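>>> let's see this in three dimensions:
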Amino acid sequence: MFSKSCEYALRACIFLSQKQQEPKKWSIPEIAAAIDSPQPFTAKILQTLAKQKIVSSTKGPNGGFYISTTNKPVKLATIILAIDGEDVFKRCGLGLGNCNHHKPCPIHDAYKPISDANKKLFETTYLHDLATSDSVKRTFLKR
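Below you'll find the predicted structure:
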């Protein structure tokens, strides 16, 4: 459903949210290792997230990326839209470019409620909720 960039962005945000209480800024190599992502790819994603004010960053020898405890709560949809754009919630279930209400693909009517439910899920789920979830702590974030 999401691009690899978006998956890594979600992972990076969850990681930074988990580390929010620590008085540390995280480097690109540390974040890349924690989320199992290539460093250059991670750098580009984090720059995009920082421009969108989803994560914060500081330059310099003690710099890095972090989520400030003063930041407003971030919905997962905000991260997804920053990386993949609005079309991610409008794509055809079969990946056809010309599928829409007027020219539906064979699964359009069955897939539309699923797509709408996914969008609602991401619009109502907050980053902090995932970061503090025991299941997330047990799965891909080991640091």
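>>> how about the helices in the protein?
4-18, 28-35, 39-51, 76-84, 108-124, 127-131, 134-138 (DSSP state H).
>>> residues contacting the longest one, please?
Applying Cβ atoms under 8 Å, 6 or more residues apart in numbering, the external contacts of helix 108-124 come out as 1, 75-77, 80, 89-93, 99-101. (Each C-beta comes from the backbone N, C-alpha and C, glycine too.)
>>> any of these buried? List them.
Buried residues within these, counting neighbours by 16 or more other Cβ atoms under 10 Å: K75, L76, A77, I80, F89, C92, G93, C99.
>>> could I get these as a markdown table with pLDDT and distance to Y111?
Output for the buried ones among the contacts of helix 108-124, formatted as a markdown table (pLDDT from 0 to 100; distance: Cβ to Cβ, whole Å):
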| residue | pLDDT | distance to Y111 |
| --- | --- | --- |
| K75 | 95 | 23 |
| L76 | 96 | 20 |
| A77 | 96 | 19 |
| I80 | 97 | 18 |
| F89 | 87 | 12 |
| C92 | 90 | 8 |
| G93 | 88 | 3 |
| C99 | 89 | 9 |
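>>> adding distance to N62, write the helices of the chain out as CSV.
Shown next, in CSV, are the helices of the chain (distance: least, Cβ to Cβ, whole Å):
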stretch, distance to N62
helix 4-18, 16
helix 28-35, 13
helix 39-51, 16
helix 76-84, 26
helix 108-124, 34
helix 127-131, 23
helix 134-138, 27
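>>> for those, which one sits closest to I67?
Nearest to I67 among the helices of the chain is helix 4-18 (4.6 Å), distances taken as Cβ to Cβ.
>>> got the CA coordinates for the closest one in PDB?
C-alpha atoms of helix 4-18 as PDB (Å, rounded to 0.1, in the frame of the first residue of the first chain):
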ATOM      1  CA  LYS A   4       9.300   1.900   0.800                       C
ATOM      2  CA  SER A   5      10.100   5.600   1.700                       C
ATOM      3  CA  CYS A   6       6.800   5.800   3.600                       C
ATOM      4  CA  GLU A   7       7.400   2.600   5.500                       C
ATOM      5  CA  TYR A   8      10.800   3.800   6.500                       C
ATOM      6  CA  ALA A   9       9.300   7.200   7.500                       C
ATOM      7  CA  LEU A  10       6.800   5.600   9.700                       C
ATOM      8  CA  ARG A  11       9.500   3.400  11.300                       C
ATOM      9  CA  ALA A  12      11.800   6.400  11.900                       C
ATOM     10  CA  CYS A  13       9.000   8.400  13.400                       C
ATOM     11  CA  ILE A  14       8.000   5.500  15.700                       C
ATOM     12  CA  PHE A  15      11.600   5.100  16.700                       C
ATOM     13  CA  LEU A  16      12.000   8.800  17.500                       C
ATOM     14  CA  SER A  17       8.700   8.900  19.300                       C
ATOM     15  CA  GLN A  18       9.900   6.000  21.500                       C
END
